[in-house]
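*Asks:* Below is the structure, and that's it, no one-letter string:
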């Protein structure tokens, strides 16, 4: 799901530019600085199945594995050739180090495994199936898929087979719910049993108007005003929004929790994420599933019962283990137009506001800070250097 990008268009001198950390309102709301004293994502590999990852950026230097390019061959670590920036920005949201005043990820010490599948799925899902299998075979415990679309019956079976393979290998898959702002039944791979479908919430903790909803949505995460590199100029930052960004933050959250509890299984990590998610109203909700991710509840408060290591909590709750059999048309990405504003009033479901949740005590100040910086393009001042990544 290609992100809708709201560009900060007024140029600012590089010397006067604020660092991106001050603009990452969601990290403050999630108590990231306190959580990083407990866990940072170290030891966890997150696969980014996307357009490739530019590993030459200061925030990603030394954090990106070679990976694999299933689109045209070669490496998934594409250096400055990720012209779409989508995969790069997902990697930044997950594991950016914040170096040189850049973006800091929710799990800054996680390692990124880039799996390049292309910028769209119009040519079919084959590269994605291969990408999932490659990711788990090469050590990924978390798989981020910030893409989605439709699939026919045969493609749905192929998707389910890849998802089941990842589950057997002990990995978690997170995928975006889509950005049409409409109720959906099938968005692949998000709606498949075994995939954690992620919706987006805004700076107020309310479901974003563009975020798709339906019975398949499992969790939600911040997906509005998320800093990343601009498409046209990799040395500038732009504000992104979409369930793509929300998915990346949810994936990073899983990595953060897993690094603190390396002996837990994927099922246990997911269970505590579900049990500690913030919500207000019936659970699960068709808008935010079991709620908005709140890793502080796990890492700082010790909440959440990991439970049975061998039982997937989502599958147990859904009481289903088969892929949807009602096909849609041939694959195409779910466009991320910010439609659905007419439904916003029906989707105004916020996360619970107890401490350590989202939004919280810091949200009012954070929202003001976000508003204050909209309209600014920040020159990154990144010097082009030869890559020395691992």
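*Replies:* Happy to help now that I have it. Here the structure is a predicted model, which means the values were calculated and not measured.
*Asks:* any idea how far residue 155 is from residue 97?
*Replies:* Distance of residue 155 to residue 97, given as CB to CB, to the nearest Å: 37 Å. Yep, even glycine has a C-beta here, placed from its N, CA and C like the rest.
*Asks:* meant to ask about residue 25, not that
*Replies:* Distance of residue 25 to residue 97, given as CB to CB: 19 Å.
*Asks:* Residue 91 contacts residue 112, doesn't it?
*Replies:* Yes. Residue 91 is in contact with residue 112 according to CB atoms under 8 Å; the separation is 4.7 Å.
*Asks:* picking up where we left off before, and residue 155 and residue 97? Which one has more around it.
*Replies:* Taking other CB atoms under 10 Å, residue 155 and residue 97 do not tie; residue 155 has more neighbours (23 against 19).
*Asks:* that older thread, give me the more crowded residue out of residue 91 and residue 112.
*Replies:* More crowded of residue 91 and residue 112, by other CB under 10 Å: residue 91, with 34 against 29.
*Asks:* can you give me the strands for this structure?
*Replies:* Counting by DSSP state E, the chain has strands at residues 4-6, 10-12, 45-50, 68-69, 111-116, 142-145, 172-176, 195-201, 219-222, 226-229, 236-241, 376-379.
*Asks:* of all those, which lies closest to residue 288?
*Replies:* The closest of the strands of the chain to residue 288 is strand 219-222. By CB to CB, the value is 3.9 Å.
*Asks:* just checking, what packs against that closest one?
*Replies:* In terms of contacts (3 or more CB pairs under 8 Å, 6 or more residues apart in numbering; DSSP states H and E), strand 219-222 is packed against helix 25-29, strand 195-201, helix 243-260.
*Asks:* Let me see the mean pLDDT of the first one.
*Replies:* Which is helix 25-29. Helix 25-29 shows a mean pLDDT of 97.
*Asks:* how about low-confidence regions in the stretch 201-350 of the chain?
*Replies:* 319-350 (pLDDT under 70).
*Asks:* redo that, cut-off 80
*Replies:* Residue ranges of the stretch 201-350 of the chain with pLDDT under 80: 318-350.
*Asks:* which residues does the spatially most central residue of the chain contact?
*Replies:* Here the mean C-alpha position of the chain is nearest to the C-alpha of residue 248 (CA atoms, centre = their mean), at a distance of 1.4 Å. Taking CB atoms under 8 Å, 6 or more residues apart in numbering as the criterion, residue 248 is in contact with 48, 89-91, 93-94, 144, 146.
*Asks:* re earlier: list residues touching both of residue 91 and residue 112?
*Replies:* In contact with both residue 91 and residue 112: 48, 53, 60, 64, using CB under 8 Å, 6+ apart.
*Asks:* This protein: helices as residue ranges?
*Replies:* Per DSSP state H, the chain carries helices over the ranges 25-29, 32-35, 86-95, 126-137, 153-168, 243-260, 266-275, 295-299, 313-318, 363-373.
*Asks:* Now render these as a markdown table, adding distance to residue 42.
*Replies:* Shown next, in a markdown table, are these (distance: least, CB to CB, whole Å):
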| stretch | distance to residue 42 |
| --- | --- |
| helix 25-29 | 17 |
| helix 32-35 | 13 |
| helix 86-95 | 10 |
| helix 126-137 | 19 |
| helix 153-168 | 22 |
| helix 243-260 | 5 |
| helix 266-275 | 15 |
| helix 295-299 | 13 |
| helix 313-318 | 25 |
| helix 363-373 | 26 |
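*Asks:* which one of those lies closest to residue 70?
*Replies:* With CB to CB as the criterion, residue 70 lies closest to helix 126-137 of the helices of the chain, at 4.0 Å.
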